[in-house]
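Student: turn this into a model:
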Amino acid sequence: MDPIRPVPDGAPSEEGASPAPDLAGLLKRSALGDQEAFAQLYDATTARVFGLALRVVRDPAQAEEVAQEAFLEVWRTASRFDPDRGSAVSWILTIAHRRAVDRVRSAEAASRRDVSYHQQNQQVAHDATAEAVQASFEARRVRGALETLTSVQREALQLAYFGGYTHTEVASMLDLPVGTAKTRIRDGLIRLRDAMGVGQ
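Tutor: Modelled structure (predicted):
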């Protein structure tokens, strides 16, 4: 896997036209619940996060999901960023890399389970029941949280996560610019996180 190369915050952009945004400052504001700061942080780093995820998982749709999971974690844990230990972009890419590796390991584990399924002992009935109850409870929590979203946010999230469509496909299906579709998904994730009390 390609190593993550630290990029100083505030370094000139690739076009050389203007300095990059102060990612450390945006992270600090995001930690205080500033959604506009998080939106700027997302826009400034989403291409790098997606590119890194794609190099690890090798599948664009999976990389989109990994990127969204990474940004959700960034929003939830922004207060843990310590500028004395490295740049903001390195911290964000480390989260994305960890998420991508977890996704690959999960897929490999699922594949091994599929291969060995018939060699395993039959599951105990009460275990299956307990799992079904837990899954039902979590599904109710998610459905309840989805109800707190605006209709446009809910529609975009449902297509992206329950429908399995990429940002580009969601934009096409909703007849929106890709940037608008991404914004709706990102804002929906923020509200969903708050509604479910994740990290509180």
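
Student: where does Gly164 fall, phi/psi-wise?
Tutor: phi 80, psi 20 (degrees, to the nearest 10).

Student: burial count for it?
Tutor: 11 (other Cβ atoms under 10 Å). Where you see a C-beta, it was placed from the backbone N, CA and C, and this is true even at glycine.

Student: and what about Arg105, helix, strand or coil?
Tutor: helix (DSSP: H, G, I helix; E, B strand; the rest coil).

Student: who's in contact with it?
Tutor: Not one residue lies near Arg105 by Cβ atoms under 8 Å, 6 or more residues apart in numbering.

Student: for the one 5 residues further on, same thing?
Tutor: Ala110 makes no contacts at all, as judged by Cβ under 8 Å, 6+ apart.

Student: what's the distance between it and Arg103?
Tutor: 11 Å (Cβ to Cβ, to the nearest Å).

Student: after the lowest-mean-pLDDT helix or strand in the chain, which helix or strand is next?
Tutor: Lowest by mean pLDDT, DSSP states H and E among the helices and strands of the chain is helix 125-146, with a mean of 64. Note on helix 125-146: by DSSP states H and E, the next helix or strand toward the C-terminus is helix 151-157.

Student: which helices and strands does that following helix pack with?
Tutor: helix 178-196 (3 or more Cβ pairs under 8 Å, 6 or more residues apart in numbering; DSSP states H and E).

Student: what residues does the helix it packs on touch?
Tutor: Here helix 178-196 makes contact (Cβ under 8 Å, 6+ apart) with 35, 38-39, 42, 46, 68, 71-72, 75-76, 141-142, 144-146, 148-149, 152-157, 160, 167-168, 170-171, 174, 176, 199.
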